[in-house]
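>>> Next input, structure requested:
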Amino acid sequence: MKNTIKTGIALTLVLAMAACSDSTKKTFGLEANPPDAFDVGTQAPLSLPPELGALPPPNPGQPRPQQVDAAQEGLDALSPASSITPVTTASSPGQVALLQQAGPTPPPQIRAQVNQSAVTASQPPGFFSKLLGGGPAQPATVNAAAEQQRIQQDEALGQPPTAGDTPQSSGSNQNEPIINRLLDKF
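Residues are numbered from 1 along each chain as shown. This next block holds a predicted model:
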């Protein structure tokens, strides 16, 4: 009995959908919605650029300028460093003067060394390093009053402020092993 009721409801829905208007059928996807053939626009014809006539005529048998050697392309893919060819151009007098004022050429791999030092210095010391006094050294602290006095003396003598050593503050040594500080208390 229940199956006949379900079948009757389904048949009624199918007949109701078939009787719907065209827009309802298109909305529910019961009817195809092809594009309108008369709604197609025309495009302007292609035109040749004016500089096309200025191109050099082709040379039969010669390689194309944009063609890449397959062996060189494979080498470039395997070793990108070999594809970088240094450009040899003459430096202007201004460039030469700028390079001379910049100072000596830095040693090779200086960036890698600086980055490695920064990584090492930024890592906090472990428990045993603190206990036994190992680990990276703490940076020195500038004694502000003595530094101000030194700069004023340099100005009075007509020297640049960078002349002389920067005075360091004296205080408790933070790098002293914890075990030594504990033993000093007993």
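
>>> Could you pull up the residues touching Gln168?
140-143 (Cβ atoms under 8 Å, 6 or more residues apart in numbering). (Each C-beta comes from the backbone N, C-alpha and C, glycine too.)

>>> where does it land on pLDDT?
Listed pLDDT for Gln168 reads 81.

>>> could you give me the average pLDDT of the helix or strand where Leu75 lies?
Leu75 belongs to helix 70-78 when assigned by DSSP states H and E. Averaging pLDDT along helix 70-78 gives 78.

>>> in this structure, which helix has the most residues?
helix 2-18 (DSSP state H).

>>> By mean pLDDT, flag the weakest helix or strand of the protein.
helix 80-83 (a mean of 62; mean pLDDT, DSSP states H and E).

>>> What is the burial count for Pro49?
Close neighbours of Pro49, defined as other Cβ atoms under 10 Å, add up to 7.

>>> oh, I was asking about Ala44
Ala44: 5 neighbours (other Cβ under 10 Å).

>>> contacting residues for it?
Contacts of Ala44 (Cβ under 8 Å, 6+ apart): none.

>>> Could you give the backbone dihedrals for it?
phi -70, psi 150 (degrees, to the nearest 10).
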